[in-house]
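> Below are the sequence and a predicted model for it; my questions follow.
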Amino acid sequence: MAVRDYLRERFFPHMWCPGCGHGTVLNNLLRAIENLKIEKNDIVMVSGIGCSARISGYVDFHTLHTIHGRALAFATGVKMSRPDLNLIVPMGDGDALAIGGNHFIHAARRNIDITAIIMNNRIYGMTGGQFSPLTGYGKLATTAPYSNIDHDFDAVSLATAAGASFVARTTTYHVKQMADIFQKAILHKGFSVVEVLTQCPTYFGRKNRAGSAAEMVENYKKSTTPIGSKASQENSDLIERGIFIEKDLPEYCGEYDKIIQKAMKGK
Amino acid sequence: MGKPKLKELNIRREWCKGCGICVSFCPTKVLELDEKDKALAARPEDCTCCLLCEMRCPDLAIEVILENE
Amino acid sequence: MEKNIKFVQGNEACAEAAIYAGLDFFAGYPITPSTEITEHMALKLPQIGGKFLQMEDEIASLCAIIGASLTGKKVMTATSGPGFSLMQEALGYAIMTEIPCVIVNVQRGGPSTGLPTHASQGDVNQASWGTHGDHAIIALTASNHQDLFEITVEAFNLAETYRTPVILLLDEVVGHMREGFVIPKPGKIPLVGRLRTSVKQGVDYHPYLPREDGRLPMSDFGGVHRYNVTGLFHDMWGFPTDDPKSVHELHRHLIDKILNNVHLIEKHKEYYLDDATTILISYGSSARSARHLVENRRSRGELLGLLELQTIWPFPYGLIRKICADARYVVVVEMNMGQILREVKIAIDDPEKVFLANRIDGSYITPTDIRNILRLIQGKGV
């Protein structure tokens, strides 16, 4: 199958702005699924609200477009009742870590087998450019017209501290790495988090004079570096990308199966 | 396995929003935006089939079709 | 086999009824006075191969059961006022996406943290109008454990029949009170299962195209039909639309499927209504005191009767109008500032004969409380 075979083509061209990185995330997520040869009927994609969340409408899987910030809670219910299905939950940065922050850390803590993707464009795009918990200090947004005084989360550190057993970061420039990380994240048995730095040229870019979509993508090349690289040791401003955490921990649905066995014996 | 050879650079004009990412990053400058700001394979003979345009395209509008496919 | 259960809390009766109704999946968060339901589920569900989840909060609990319901499971969550408030956005989602689920709200005193361990029936309006936008809902209640058992099973049946969330609006007194009840033998109370589509793989399936009878056959997530579910207004395939005709039709459907079937949904109990000149209308635990008073005064020849509501929403306006037509006084007994009183006044032709007998101090309303108010209404002093 080709990538296009996983699309609901009748909804194309998609609704994202010219140069929006979200399409690149969709592109490489489908590439990963194609490489893994997973049946369409075995995938459930759950999304929340925002530009990012519209991704679920474009893919030919079982798709659940839910409410703002709560996608992981819905996905937890689907996964617990059908552990055989592959759950993929793409979220925006505000969706995942502001309104959805509580669900995010608890899904990570449970280590339930869900692939969570944070499409981090550092802005609320759907509502027109307000700052998010990942915008960063000193940046501009419609709700930070004088400069943002909110500090940002490091999504990778947060996911790691919360107990996710697979944590990775990549960008829309590093597409081969993105597809590769998505594959590994989907195959990983446990809660996997992939943060993708993805450009919003329309709101974040324009407001912060970050240039064209291509210039923003180019900047991901310059501002990031592989984990533990020499460049990273010399320049702490560089953002590390790659797989930070990949460990084998007991998965939640499997743990609950043991509870069922215990309860049935004791009855 | 020999070097992959390009059969066709299939660009869906109706999906392309003309962001120019493919043009900017093509290592051999195969692509251009036409007068309507749609991606165009201006020099397909220079294509090295690296697939990066297909993978980076936010509009999923580019398909690099290889000779042996 | 029938099973006698002696002296358990109403919360436990509710939990047992859910299991009788075929519950597969429960998610909840601890909150007084509903926690015993959650505890009971944690203990019992894995024994029958079901799944129990303690989520990080109440809205997550409702979201999780909606997800589970989409895979074909019978699902429930339980909470109380503050948690029910937190759930409201997800409740609207379940209404819009037509996902069967049962939500228990064991009411406590509010607003806010209010009176966690005291009696109140203050969430009656919230059950219908807590979530935003125009819609219809089903909310049921009961005053004793045997009724509670049957009403809980009914909640699951209605959720499946109408593809809708159903609220079980209990209160602290019923939830924590202990009394005996009987679990009927399996099959005695008919159960409504999931209506699944007969559309075969490869044939276009319309998850949101109602049949002629208004019902919508479902297809489990993970099955052969891949479709979209969204809280946006959607077309018959489940994809977002703002086409005015589609929006209008879906909006009408969501409301009509419930309001056009009040006669099928509605349940109530009547006590001494045939010749009653004064009619008490009550529900939940306050109906126990009302019934006690009615039986007590009947023995002294007073023409007092009781209409006990078991369906709160959709409100049975027609029933109330008919039953109260010839009464001299209609007295609504409830533990709030008149949330059902308002509906009763709307229902009947002469609202000036409708009075409220209430308590809002967290204390359980007693037969004496009601009698004192009755005497005032009847001009007899206290």
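Cool, the structure landed.

> Give me the number of neighbouring residues for the closest residue to chain A within chain C.
When distances are taken as Cβ to the nearest Cβ, chain C reaches nearest to chain A at C:Gly67, 2.9 Å away. Where you see a C-beta, it was placed from the backbone N, CA and C, and this is true even at glycine. Neighbour count for C:Gly67, taken as other Cβ atoms under 10 Å in any protein chain shown: 34.

> That one contacts A:Leu85, correct?
No. Under the criterion of Cβ atoms under 8 Å, C:Gly67 makes no contact with A:Leu85, lying 10.8 Å away.

> next one: phi and psi at C:His268?
When read as degrees, to the nearest 10, the backbone of C:His268 gives phi -160, psi 170.

> Low-confidence regions, chain C specifically.
Low-confidence segments of chain C, defined by pLDDT under 70, are absent.

> what sits against residue 36?
I went with chain A, as the question did not name one. A:183, A:186-187 (Cβ atoms under 8 Å, 6 or more residues apart in numbering or on different chains).

> switch to chain B, that's the one I care about
B:Gly18.

> for it, helix, strand, or coil?
On the three-state scheme (DSSP: H, G, I helix; E, B strand; the rest coil), B:Lys36 is labelled coil.

> Same question for B:Cys49.
Following three-state DSSP, the label given to B:Cys49 is coil.

> Excluding covalently adjacent residues, which one is nearest to it?
Nearest-residue entry for B:Cys49: B:Pro4, 4.1 Å, with adjacent residues in sequence omitted and distances by Cβ to Cβ, 6 or more residues apart in numbering or on different chains.

> Mutual contacts of C:Gly67 and A:Leu85, please.
Between them, C:Gly67 and A:Leu85 share the neighbouring residues A:78-79, with contact defined by Cβ under 8 Å, 6+ apart.

> Report how many residues lie close to the residue of chain A with the smallest separation from chain C.
In chain A, the residue found nearest to chain C is A:Gly77; the distance is 2.9 Å by Cβ to the nearest Cβ. Neighbours of A:Gly77 under the rule other Cβ under 10 Å: 30.

> And it, what's its pLDDT?
Reported pLDDT at A:Gly77 in the predicted model: 98.

> hang on, the earlier thing: the residue nearest to B:Cys49 contacts B:Cys50, doesn't it?
No. Because the distance of 9.1 Å does not satisfy Cβ under 8 Å, B:Pro4 is recorded as not touching B:Cys50.

> Wasn't C:Phe7 part of a strand?
Yes. When three-state DSSP is applied, C:Phe7 is found to be in a strand.

> ok, and does stretch A:90-107 reach over to chain B?
No. Counting by Cβ under 8 Å from any Cβ of the partner chain, chain B is not contacted by stretch A:90-107; separation bottoms out at 14.5 Å.

> That stretch: end-to-end distance?
This stretch, stretch A:90-107, spans 14 Å end to end (Cα to Cα, to the nearest Å).

> Quote the end-to-end distance of stretch A:28-46.
When the termini of stretch A:28-46 are compared using Cα to Cα, they are 17 Å apart.

> and it, average pLDDT?
For stretch A:28-46, the per-residue pLDDT values average out at 98.

> Buried residues, it. List them.
Burial within stretch A:28-46, assessed by neighbour count using 16 or more other Cβ atoms under 10 Å in any protein chain shown, is assigned to A:28-34, A:38, A:41, A:43-46.

> who's in contact with stretch C:174-182?
So stretch C:174-182 is in contact with C:2-11, C:13-14, C:33-34, C:36, C:106, C:142-146, C:148-149, C:284-285, going by Cβ under 8 Å, 6+ apart.

> Chain A contacts on the stretch 151-300 of chain C?
Taking Cβ under 8 Å from any Cβ as the contact definition, the stretch 151-300 of chain C meets chain A at C:221-224, C:226-232, C:239-240.

> Which of the residues you listed lies at the shortest distance from C:Glu56?
Within those, the smallest distance to C:Glu56 is 20.8 Å, found for C:Gly231 (Cβ to Cβ).

> surely the closest one meets A:Ile67?
Yes. Counting by Cβ under 8 Å, C:Gly231 does reach A:Ile67; the two are 5.9 Å apart.

> Compare neighbour counts for those two and give me the winner.
Set side by side, C:Gly231 and A:Ile67 show more neighbours around A:Ile67, with 24 against 20, by other Cβ under 10 Å.

> near chain A, anything from stretch C:14-24?
Yes. Looking at stretch C:14-24 against chain A by Cβ under 8 Å from any Cβ, the contacts come from C:Asp24.

> Could you export that stretch as CSV, CA atoms only?
What follows is stretch C:14-24 as a C-alpha-only set of coordinates in CSV (Å, rounded to 0.1, in the frame of the first residue of the first chain):
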residue,chain,number,x,y,z
CYS,C,14,-26.8,0.1,42.1
ALA,C,15,-23.5,-1.6,41.4
GLU,C,16,-25.1,-5.0,41.6
ALA,C,17,-27.8,-3.9,39.2
ALA,C,18,-25.2,-2.6,36.7
ILE,C,19,-23.5,-6.0,36.7
TYR,C,20,-26.9,-7.7,36.3
ALA,C,21,-27.5,-5.4,33.3
GLY,C,22,-24.3,-6.6,31.6
LEU,C,23,-21.8,-4.0,32.6
ASP,C,24,-18.4,-4.7,31.1
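
> Could you check that stretch and say which residues are buried?
Residues of stretch C:14-24 classed as buried by neighbour count (16+ other Cβ under 10 Å): C:14-24.

> what's the answer for stretch A:188-205, then?
Burial within stretch A:188-205, assessed by neighbour count using 16+ other Cβ under 10 Å, is assigned to A:188, A:190-205.

> So which of these are in strands?
Residues of the buried residues of stretch A:188-205 located in strands (DSSP state E): A:192-197.

> now the residues you listed in JSON lines, with distance to C:Leu306 and pLDDT?
JSON lines is the format used below for these (distance: Cβ to Cβ, whole Å; pLDDT from 0 to 100):
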{"residue": "A:Ser192", "distance to C:Leu306": "59", "pLDDT": "98"}
{"residue": "A:Val193", "distance to C:Leu306": "58", "pLDDT": "98"}
{"residue": "A:Val194", "distance to C:Leu306": "61", "pLDDT": "98"}
{"residue": "A:Glu195", "distance to C:Leu306": "62", "pLDDT": "98"}
{"residue": "A:Val196", "distance to C:Leu306": "63", "pLDDT": "98"}
{"residue": "A:Leu197", "distance to C:Leu306": "66", "pLDDT": "98"}
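
> Can you add distance to chain B and give these back as TSV?
As requested, those are arranged in TSV below (distance: Cβ to the nearest Cβ, whole Å):
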residue	distance to chain B
A:Ser192	21
A:Val193	22
A:Val194	16
A:Glu195	18
A:Val196	12
A:Leu197	14
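
> Nearest residue to the spatially most central residue of chain A in space, please, no chain neighbours.
Among the residues of chain A, A:Ile117 comes closest to the average C-alpha position under Cα atoms, centre = their mean, at 1.6 Å. With Cβ to Cβ, 6+ apart as the criterion, A:Ile117 has its nearest non-adjacent residue at 4.3 Å, and that residue is A:Pro90.

> With C:Leu148 instead?
C:Ala142 (4.0 Å).

> so how far is C:Gln310 from the one you found?
As judged by Cβ to Cβ, to the nearest Å, C:Ala142 and C:Gln310 stand 6 Å apart.

> These two: who's more crowded?
C:Ala142 (31 against 21).
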